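A.B. asks: Return a 3D structure for these sequence lines:
(2 chains)
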Amino acid sequence: MINSTPHDFSIEALRAGDRAEFARMVDSYSAPIYRLGLKMLGGAQDAEDVLQNTFLNALTHLPDFEGRSSISTWLYRIAANEALMLIRKRKSNVNLEDLQTDADDDNPMPETFVDWSALPENELLTGEGKDVINAAIQKLSESLRVVFILRDVEGLSIKETAEILNLTETNVKTRLLRARMALREQLSAYYGERTTQKENQ
Amino acid sequence: MNDHDRKNCKALLGTLSEYIDGELPAELCAEIEKHLEGCENCRVVLNTTRRTIDLVHAPADEGVPDDVRERLFKRLNLDDYLRPIK
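C.D. replies: Residues are numbered from 1 along each chain as shown, chains lettered A, B, ... in the order given. Now for the predicted structure:
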């Protein structure tokens, strides 16, 4: 999560091309932007491309930055667009399913009802467990994934997420619910099996 | 489809995200809690969804790998600021 107050940086200095201030901003925002790239695209090289392109883009457009949104929102917006562009570039054709995720059809009903929530964290976040979580995030359509990452991985508010992605708050909430349900279902399939095995021992 | 596909469960699941985020009015929360008392499946979905969110939340102290930071600074022509700025 970006840890900043709105006045962490001097917008005037940044707009005037103050390199030390820009370097300070890069250091403050690199971690969440790199993580966004990593979670959106799944690979370290792609995440690094997102990171570099975001700040190159920011450098180019800083003189036009009007401060209508916070620096944090502005940078996240550039990063999210970079990640989505890279994903689309990688795809050989447009996946119609992705474009239809906002359709008003019903949310899928849960199918797995094993309560694995009491498993201790060291059993949930094993190397394999982390891989399962990351793979599950990758399986979300990109329009759900980006909302889920901003809200639940980075811990941004619904309002900030909506502002970054230029969506309505209702739309963010709809996507978030779907993403959470899909993730829960996938993690339940994996952790549920472990819980059942444990109970049978 | 199993017996979980009941009207009340469906209504609850539609508000689950907002319930978890504490964004629902008190009366609606009370209704949800009443339903949860009598519906084990919905309790499981609630608990495991909350846990899912806990698990994915990024640790606050996670940084960028040193080599990634170095290449980024070089790409931005900020080599002379590579030493962390306090």
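
A.B. asks: Would you list the phi and psi of residue B:78?
C.D. replies: Main-chain torsions, residue B:78, degrees, to the nearest 10: phi -110, psi 30.

A.B. asks: same question, residue A:68
C.D. replies: Torsion angles, degrees, to the nearest 10, at residue A:68: phi -70, psi -30.

A.B. asks: Tell me the spacing between it and chain B.
C.D. replies: From residue A:68 over to chain B the distance is 24 Å, taken as CB to the nearest CB, to the nearest Å. For glycine as for every other residue, the C-beta is placed from the backbone atoms N, C-alpha and C.

A.B. asks: Can you name the residues that contact that residue?
C.D. replies: Not one residue lies near residue A:68 by CB atoms under 8 Å, 6 or more residues apart in numbering or on different chains.

A.B. asks: Need the residue closest to the centroid of chain B.
C.D. replies: Nearest to the mean C-alpha position of chain B, by CA atoms, centre = their mean, lies residue B:53 at 3.2 Å.

A.B. asks: was I right about that one contacting residue A:152?
C.D. replies: Yes: Residue B:53 lies in contact with residue A:152 (CB atoms under 8 Å); the separation is 5.2 Å.

A.B. asks: now the helices for chain B?
C.D. replies: Using DSSP state H, the helices of chain B run over B:7-20, B:26-38, B:40-56, B:66-75.

A.B. asks: Going by neighbour count, which residues in the second one are buried?
C.D. replies: Read it as helix B:26-38. Within helix B:26-38, the residues that count as buried by 16 or more other CB atoms under 10 Å in any protein chain shown are B:31-32, B:35-36.

A.B. asks: now the last one
C.D. replies: By neighbour count with 16+ other CB under 10 Å, helix B:66-75 contains the buried residues B:68-69, B:72-73.

A.B. asks: How about the residue nearest to the spatial centre of chain A, nearest residue that isn't a chain neighbour?
C.D. replies: A centroid search over chain A (CA atoms, centre = their mean) returns residue A:149, at 2.4 Å, as the residue closest to the centre. Nearest residue to residue A:149, sequence neighbours excluded (CB to CB, 6 or more residues apart in numbering or on different chains): residue A:39, at 4.8 Å.

A.B. asks: Am I right that the one you found is in contact with residue A:137?
C.D. replies: Yes: using CB under 8 Å, residue A:39 is in contact with residue A:137, at 5.7 Å.

A.B. asks: overlap in contacts of those two?
C.D. replies: Here residue A:39 and residue A:137 have A:145, A:149 as joint contacts, going by CB under 8 Å, 6+ apart.

A.B. asks: can you give me phi and psi for the closest residue to residue A:151 other than its chain neighbours?
C.D. replies: The spatially closest residue to residue A:151, leaving aside those adjacent along the chain, is residue A:161, at 5.0 Å (CB to CB, 6+ apart). Per-residue torsions, residue A:161: phi -60, psi -40 (degrees, to the nearest 10).

A.B. asks: Identify the residues contacting residue A:161.
C.D. replies: A:147, A:150-151, A:167, A:172, A:176.

A.B. asks: okay, the nearest residue to residue A:29 once chain neighbours are set aside: pLDDT?
C.D. replies: Spatial nearest neighbour of residue A:29, chain neighbours left out: residue A:75 (5.3 Å); criterion: CB to CB, 6+ apart. With respect to pLDDT, residue A:75 scores 97.

A.B. asks: Let me know the distance separating residue A:75 from chain B.
C.D. replies: As judged by CB to the nearest CB, residue A:75 and chain B stand 13 Å apart.

A.B. asks: what about residue A:87, neighbour count?
C.D. replies: 18 (other CB atoms under 10 Å in any protein chain shown).

A.B. asks: just to revisit the earlier point, what two of the buried residues of helix B:26-38 are the furthest from one another?
C.D. replies: Greatest spatial distance among these (CB to CB): B:31 and B:36, at 9.7 Å.

A.B. asks: Next secondary structure element downstream of the helix or strand of chain A with the lowest mean pLDDT?
C.D. replies: Sorting the helices and strands of chain A by mean pLDDT, DSSP states H and E puts helix A:96-99 at the bottom, at a mean of 51. Heading C-terminal from helix A:96-99, the first helix or strand you meet, by DSSP states H and E, is helix A:121-124.
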